[in-house]
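**Q** Take this sequence and fold it.
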Amino acid sequence: MADVARPGDPQPAAGEAAVPPAAGTPAGTTDEQRLAEMGYKQELNRGWSSFTNFAISFTIISVLAGTFTAFGFAWTNGGPIAASIGWPILCALILMVGYSMAELTSRYPTAGGPYWWANELGGKGWSWMTGWFNIVGLVGIVASVAYGCAFFLYNLLALYGLNIFGWDFGNGKHVLGNTFVLFIIILALYTLVNIFADRVLALMNNISVGWHLLGVAIIIAILVFVPDDHQSASWVFGHKINNNGAFGGSTTSFGFWFLVLPVGFLLTMYTETGYDASAHTAEETRGAAKAAAQGVWRSIFWSALIGWVLLLAFLFAATDEKAVTDAGGAVFGIFNSALDPWAAKLVVLIATVGQFFCGAAGLTSASRTWYAFSRDRGMPGWSIFRRVNRERVPFNAVIAVSVASLIIAIPALFGKNDIPFAFYALTGICTVGLYLAYILPIILRLRRGDRFEPGPWNLGRKYKVVNVLAIIFVVLVVFALDLPYSPGGLPWNDDFDVSLVNYTPFAIIIPLIFGIWYLVSAKNHYQGPIRNLEEDEVTSD
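**A** Down below sits the predicted model:
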């Protein structure tokens, strides 16, 4: 973007930028001084590089997670065009959200992220609602990614026909129950890594970037060279599918374009979330005013580009449309019908490991938000969750996020034809919750106009166009992901099945409940971000 400030560039006329630190000032000192200006002591360990900051968002976005686990949604609700054409168009709009957030990250490089920005730009009521949307969304990320990883691990074990502790993964029995057990194990591993291996976690995020790049390259090569034939470009960029159950399967009606295809956009909207992690880990990043801001938008850009190439590889290899449809649109239908067994196993293995990296990073981001919101007395039991241990890890916040993720995933134990429709609702919850948290401070920044004081990385005079496009996209997110997944999920239909209900609206309902609590009593004790510079450092054994 032409007006984005670079090192050494003059600040734009719109607004007054913060005075830069003196030349030669150590990065760590500069970061701590900036944090002190915002009223906070350096409690978390500031040991992350700019690459590590980028890596955590890139890892949470994870094209090895979202594109694999949510592909079936696009296939069922729109078909190939939902991915081949929908992906790049939607990613361009998502980048507008990312640019808008990057500007705010640069101005306010603190672990609070969106809710902190909302307070500075709009006041404590805006901060409260943004914080709760962010919490709901991030917990949804941890739950959905962990469950998706468990689902892929189950299928990987089934491909190998393994029998572990009496579980025969190849017999197709007790799929949802066994997958949920794997989910619990994976969630426990995420928790242990986040509590006891902070340095290992940073290393994992760095390794994850290489794993994603190399893994995607290997998968694309397999999908290009192993299948005997491929689909045509006209099919990939023009074929439409409506297996939603609505409108008689029509792919030309108004209902298809405006009520079915938008549901398929979940693939892109869900995959491209979690990049606020670069903002949430700003207090752990050196040179955060620039590094964390760049981490936000760069993670979106590279994930969008790599993810699109990967999705095209899926579609060109999907020569047996019936096999994919019979698999519920899942990518396993492509792998099993187009690839040799060894190749299918390798692809699923690469994706499963990538999803593990993604979920562990997601728990880091969610726990930092829970910790920061507790530090500012926004969470019930804030005095417990704001504590960090001797290793400067928010131990209690990590545990709280893990437990909350486990609870909201319980409906995934139930499904129809071994399809955990509740998993799709989890993806919807995290996507809607996060994007509402992202957009509220962007709306406030747009309202502030030229009175906003930008940081070292900013949008210059283009902020108006970028902010408006970001707002339009989030309106589309809320509309598309709150639509029913199937006519059978509507209570007034004769074929109603509770397992088909889309409970994504809870991403809005839950924060609104806390909004009522705020109006009734919480406004008396929540004063927005509380500066702790004069307080004693809070630690626990």
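**Q** Now for Tyr190, how many residues are close by?
**A** Using other C-beta atoms under 10 Å, Tyr190 has 26 other residues around it. Backbone N, C-alpha and C define where each C-beta goes, glycine included.
**Q** Now the helix or strand encompassing it: buried residues?
**A** Taking DSSP states H and E as the definition, one finds Tyr190 inside helix 175-196. Going by neighbour count (16 or more other C-beta atoms under 10 Å), the buried part of helix 175-196 is 175-176, 178-180, 182-183, 186-187, 190-191, 193-195.
**Q** following that helix, which helix or strand shows up next?
**A** Later in the chain than helix 175-196, the nearest helix or strand by DSSP H and E is helix 198-225.
**Q** Remind me what that next one packs against, helices and strands.
**A** Judged by 3 or more C-beta pairs under 8 Å, 6 or more residues apart in numbering; DSSP states H and E, helix 198-225 is in contact with helix 50-61, helix 175-196, helix 288-317, helix 341-375.
**Q** For Ile513, find the nearest of the ones you listed.
**A** Among the helices and strands packed on helix 198-225, helix 341-375 comes nearest to Ile513, with 16.2 Å by C-beta to C-beta.
**Q** buried set for the closest one?
**A** By neighbour count on 16+ other C-beta under 10 Å, the buried set for helix 341-375 is 343-344, 346-375.
**Q** Mind naming the longest helix for the chain?
**A** For the chain, the helix that runs over the most residues, judged by DSSP state H, is helix 124-160.
**Q** in that one, what's buried?
**A** Neighbour counts over helix 124-160 (16+ other C-beta under 10 Å) mark 124-159 as buried.
**Q** roughly how far is it from the heart of the chain?
**A** Distance, stretch centre to chain centre, for helix 124-160: 8 Å (C-alpha atoms, centre = their mean, to the nearest Å).
**Q** who does that helix touch, helix- and strand-wise?
**A** Contact here means 3+ C-beta pairs under 8 Å, 6+ apart; on that basis helix 124-160 packs against helix 66-69, helix 114-122, helix 175-196, helix 341-375, helix 395-408, helix 421-448, helix 506-520.
**Q** which residues are contacting the second one?
**A** This points to helix 114-122. Residues from elsewhere that reach helix 114-122, judged by C-beta atoms under 8 Å, 6 or more residues apart in numbering: 101, 104, 107-108, 110, 126-131, 134, 276, 279, 369, 372-373, 376, 378, 437-438, 440-441, 444-445, 447-448, 452, 528-529.
**Q** thinking again about what came up before, which of the helices and strands packed on helix 198-225 sits closest to Gln42?
**A** Checking those against Gln42 by C-beta to C-beta gives helix 288-317 as the closest, at 11.2 Å.
**Q** Could you list the low-confidence segments of the stretch 1-150 of the chain?
**A** 1-29 (pLDDT under 70).
**Q** hmm, try it at 50
**A** Across the stretch 1-150 of the chain, the ranges flagged by pLDDT under 50 are 1-28.
**Q** How about the contacts made by the closest residue to His239 other than its chain neighbours?
**A** In space, and not counting its chain neighbours, His239 is closest to Pro80: 4.6 Å by C-beta to C-beta, 6 or more residues apart in numbering. Counting by C-beta under 8 Å, 6+ apart, Pro80 touches 235-241, 315, 318.
**Q** Can you give me the distance of Pro80 to Gly148?
**A** 22 Å (C-beta to C-beta, to the nearest Å).
**Q** and the angle from the longest helix of the chain to helix 395-408?
**A** Relative orientation of helix 124-160 versus helix 395-408 (axes from the mean of the first three to the mean of the last three C-alpha atoms, to 10 degrees): 70 degrees.
**Q** tilt between helix 124-160 and helix 175-196?
**A** If you take the same axes, to 10 degrees, helix 124-160 sits at 120 degrees to helix 175-196.
**Q** quick one on the thing from earlier: distance to Leu426 and pLDDT for the buried residues of helix 175-196 - can I get that in TSV?
**A** Listed next are the buried residues of helix 175-196 as TSV, based on distance: C-beta to C-beta, whole Å; pLDDT from 0 to 100:
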residue	distance to Leu426	pLDDT
Val175	17	77
Leu176	14	81
Asn178	18	84
Thr179	13	88
Phe180	13	90
Leu182	16	92
Phe183	11	94
Ile186	14	96
Leu187	13	96
Tyr190	15	93
Thr191	18	93
Val193	21	88
Asn194	20	88
Ile195	23	84
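**Q** For Leu93, state which of those residues is nearest.
**A** Distances from Leu93 to these, taken by C-beta to C-beta, are shortest for Tyr190, at 30.4 Å.
**Q** Now do the contacts for the closest one.
**A** The contact partners of Tyr190, by C-beta under 8 Å, 6+ apart, come to 142, 146, 359-360, 362-363, 402.
**Q** do Val224 as well
**A** Val224 makes contacts with 313, 316-317, as judged by C-beta under 8 Å, 6+ apart.
**Q** From His230, how far off is it?
**A** 8 Å.
**Q** okay, and the common contacts of these two?
**A** With contacts taken as C-beta under 8 Å, 6+ apart, Val224 and His230 have 316-317 as neighbours in common.
**Q** just checking, next helix/strand downstream of whichever strand or helix holds Thr325?
**A** Using DSSP H and E, Thr325 sits within helix 321-326. As assigned by DSSP H and E, the chain's next helix or strand after helix 321-326 is helix 331-338.
**Q** Next, the angle from that next one to helix 341-375.
**A** Orientation of helix 331-338 against helix 341-375 (the same axes, to 10 degrees) gives an angle of 170 degrees.
**Q** Let's see helix 331-338 as CSV, backbone CA atoms only.
**A** Extracted in CSV, the C-alpha atoms of helix 331-338 (Å, rounded to 0.1, in the frame of the first residue of the first chain):
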residue,chain,number,x,y,z
VAL,A,331,-11.2,-33.8,1.3
PHE,A,332,-10.8,-37.5,2.1
GLY,A,333,-13.1,-38.1,-0.8
ILE,A,334,-10.5,-36.5,-3.1
PHE,A,335,-7.5,-38.2,-1.5
ASN,A,336,-9.1,-41.7,-1.4
SER,A,337,-10.4,-41.5,-5.0
ALA,A,338,-7.5,-39.7,-6.7
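**Q** and that helix, how far out from the chain's middle?
**A** So, by C-alpha atoms, centre = their mean, the centroid of helix 331-338 is 26 Å from its chain's centroid.
**Q** residues in contact with it?
**A** Helix 331-338 is touched from outside by 68, 71-72, 155, 223, 226-227, 314, 317-320, 323-327, 343-344, 347-348, with contacts defined as C-beta under 8 Å, 6+ apart.
**Q** Buried subset of the residues you listed, written for PyMOL?
**A** Buried residues within the contacts of helix 331-338, by 16+ other C-beta under 10 Å, are selected in PyMOL with:
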select buried, resi 68+71+72+155+223+226+227+314+317+318+319+323+324+325+327+343+344+347+348
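**Q** ok, back up a step: tell me which of the contacts of Pro80 fall in helices.
**A** Mapping those onto helices (DSSP H) picks out 235-238, 315.
**Q** State the distance from Trp211 to Tyr108.
**A** 32 Å.
**Q** who's more crowded, these two?
**A** Per other C-beta under 10 Å, whichever of Trp211 and Tyr108 has more neighbours is Tyr108, with 24 against 19.
**Q** which residues sit in contact with that one?
**A** Residues near Tyr108 by C-beta under 8 Å, 6+ apart: 38, 116-117, 120, 455.
**Q** same check, this time on Glu284
**A** By C-beta under 8 Å, 6+ apart, the contact list for Glu284 reads 44-48, 111, 368.
**Q** Can you tell me how far Pro394 is from Leu93?
**A** From Pro394 over to Leu93 the distance is 33 Å, taken as C-beta to C-beta.
**Q** Kind regards, and thank you for your time.
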